[in-house]
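Chemist: Compute the structure for the input listed below.
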Amino acid sequence: MSRIKLMHIISDTNFGGAGQYVKTILDNLPQTRYQCQLVVPKGSQLKSRVSTDQIFEIDGIADRSFSLRGIIETYRLIKRESPEIIHAHGALSGRIAAQLYGVRRIIYTKHTLSQPSSGVKRLIKHCVNKLLRADVIAVSEEVKRNLLEEGIKAEHIVRIHNSILPKSPLEFEPCTYRRIVLVGRLERIKGHHYMLEVVKRLKSDANIPFKVYFVGAGSLESDIGRAIQDNNLPIEMTGHVDAIDAIYQMADIVVNTSESEALPFSVLEAMNTGRPVVAFDLPSIREVIQPDVTGFLVPPFDVDTFAKRLKTLMESENLMKSMGLKGNARVHSNFNLETMMKEMDQFYREGL
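Modeler: As a prediction, this is how the structure comes out:
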């Protein structure tokens, strides 16, 4: 039996949630059933992180969902390779090229939430979604709701949760101070500016010493670094870290201050390692965190309450451990990679 030729197309040059998602699929699909290919822009950080050796770098798609050059270059590649399935990730050019060539199965995963649109912009978005032939994977119920608002019919959407390989909870490392970790690109949407305000409050209110670690790189690195220095805040910027397990091993508490999330890998990773999480109460994060059970959810962008909830955790090692263990159990039962891959495999083979 011949293998299914499956081509993933991603436009991100950085290695964020979409890149982690693609890596998870490529590393875990059965090689006996699929011949996997990956299309990335030149300079992609994902290229060196995946197991497949069929990787194609093309022009015109770097951090751009749509471009005429991207369509042309992707079309040429599709014509040469003739994949049976195209799976696009933030790559509208790839979806268009796949449809123009007549690829048998076109799949699209939406990794971010779009802001509500109106008027002409809403009309254009609905028209594009009607013209393009694709089945869509929503990584959370909130993403599914977002897709329906954009005019995609329910029968073309399947919800397959982002998931990870379950682990045993990590032991907390003894330390004389609390270690708080925020994992995320240094970009506005990840909300580091909120965490700066939280740390200012904790600096004067907390009854236990602490240090915060910003794990990630991005365009706001110099601005954030300047704010830390100007306010003499106990925050260390680590830059990008490949050995992310070592970060969670070191952490006592993980925070998420994002303004928008489809379904955050960092929260799943934290819970998987047995770490409690404090986050803003966004719909997609509520799908993962059980309020007051596996972590604390705070009204969006309320830094005063965020600081209070974080202080409560910092001052109770028993609560940290209890929430962490319950979070680990929740990942095992609700966000198990084995379940995700079975659902993905079944979805890929539908209609072939």
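Chemist: quick one: pLDDT of residue 17?
Modeler: Listed pLDDT for residue 17 reads 88.
Chemist: Which residue, other than its chain neighbours, is closest to it?
Modeler: Distance criterion C-beta to C-beta, 6 or more residues apart in numbering; nearest residue to residue 17, sequence neighbours excluded, is residue 265 at 5.3 Å. For the C-beta atoms, the positions are set from N, CA and C on the backbone; glycine is no exception.
Chemist: Phi and psi next, for that neighbour.
Modeler: phi -60, psi -40 (degrees, to the nearest 10).
Chemist: So it is in contact with residue 164, correct?
Modeler: Yes: counting by C-beta atoms under 8 Å, residue 265 does reach residue 164; the two are 7.2 Å apart.
Chemist: Mind checking which of the two has more residues around it?
Modeler: More crowded of residue 265 and residue 164, by other C-beta atoms under 10 Å: residue 265, with 24 against 17.
Chemist: got the contact list for that one?
Modeler: By C-beta atoms under 8 Å, 6 or more residues apart in numbering, the contact list for residue 265 reads 17, 20-21, 162, 164.
Chemist: So which of the residues you listed sits lowest on pLDDT?
Modeler: Lowest pLDDT among those: residue 17, 88.
Chemist: Report the separation between it and residue 243.
Modeler: 18 Å (C-beta to C-beta, to the nearest Å).
Chemist: out of these two, which sits in the busier spot?
Modeler: It is residue 17, of residue 17 and residue 243, that has more neighbours when counted by other C-beta under 10 Å, with 21 against 7.
Chemist: Can you give me every residue that contacts the more buried one?
Modeler: 111, 162, 262, 264-265.
Chemist: what's the closest of these to residue 326?
Modeler: Set against residue 326, the nearest of those by C-beta to C-beta is residue 264 (18.0 Å).
Chemist: Buried residues, stretch 102-113. List them.
Modeler: Judged by neighbour count (16 or more other C-beta atoms under 10 Å), stretch 102-113 contains these buried residues: 103, 105-111, 113.
Chemist: what residues does the longest helix along the chain touch?
Modeler: Secondary structure of the chain per DSSP state H: the longest helix is helix 317-334. For helix 317-334, the surrounding residues in contact (C-beta under 8 Å, 6+ apart) are 161, 164, 166-169, 172, 252-253, 268, 270-277, 288-290, 293-295, 312-313.
Chemist: from those, which ones fall inside helices?
Modeler: 268, 270-272, 312-313.
Chemist: Export those to a markdown table and append columns for pLDDT.
Modeler: Formatted as a markdown table, those follow (pLDDT from 0 to 100):
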| residue | pLDDT |
| --- | --- |
| 268 | 97 |
| 270 | 97 |
| 271 | 98 |
| 272 | 98 |
| 312 | 97 |
| 313 | 97 |
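Chemist: how is the protein carved up into domains?
Modeler: 4-163+336-349, 178-334 (automatic domain parsing).
Chemist: what lines up beside the helix or strand hosting residue 88 in the sheet?
Modeler: In the assignment (DSSP states H and E), residue 88 maps to strand 85-89. According to DSSP bridges, strand 85-89 has the following sheet partners: strand 4-10 (parallel), strand 105-110 (parallel).
Chemist: Now residue 202: closest residue in space, sequence neighbours ignored.
Modeler: Residue 202 sits nearest to residue 307 (C-beta to C-beta, 6+ apart), 5.4 Å away.
Chemist: So what's the predicted local confidence for the one you found?
Modeler: 98.
Chemist: Can you classify it by secondary structure?
Modeler: helix (DSSP: H, G, I helix; E, B strand; the rest coil).
Chemist: if I look at it, how far off is residue 167?
Modeler: Distance from residue 307 to residue 167, by C-beta to C-beta: 30 Å.
Chemist: before we move on, what about residue 31?
Modeler: Per C-beta to C-beta, residue 31 is found 24 Å from residue 167.
Chemist: Between the two, point out the one with more neighbours.
Modeler: Shown here are residue 31 and residue 167; by other C-beta under 10 Å, residue 167 has more neighbours (15 against 12).
Chemist: Touching, that one and residue 271? I think so.
Modeler: No: using C-beta under 8 Å, residue 167 makes no contact with residue 271, being 10.3 Å away.
Chemist: so what's residue 227 closest to, chain neighbours aside?
Modeler: residue 196 (5.5 Å).
Chemist: Quick check: that neighbour touching residue 225?
Modeler: No: applying C-beta under 8 Å as the test, residue 196 and residue 225 come out as separate, 11.0 Å apart.
Chemist: between the two, who's got more neighbours?
Modeler: residue 196 (19 against 14).
Chemist: Which pLDDT value does the model give the more buried one?
Modeler: Reported pLDDT for residue 196: 98.
Chemist: if we can go back for a sec, ok, so of the contacts of residue 17, who is nearest residue 219?
Modeler: Nearest to residue 219 among the contacts of residue 17 is residue 111, at 18.8 Å by C-beta to C-beta.
Chemist: ok, for the closest one, nearest residue in space, not its chain neighbours?
Modeler: residue 18 (4.3 Å).
Chemist: quick one: that neighbour from residue 291, how far?
Modeler: Where residue 291 is concerned, residue 18 sits at a distance of 27 Å (C-beta to C-beta).
Chemist: neighbour-wise, which of the two wins?
Modeler: For residue 18 versus residue 291, neighbours defined as other C-beta under 10 Å are more numerous around residue 18 (23 against 11).
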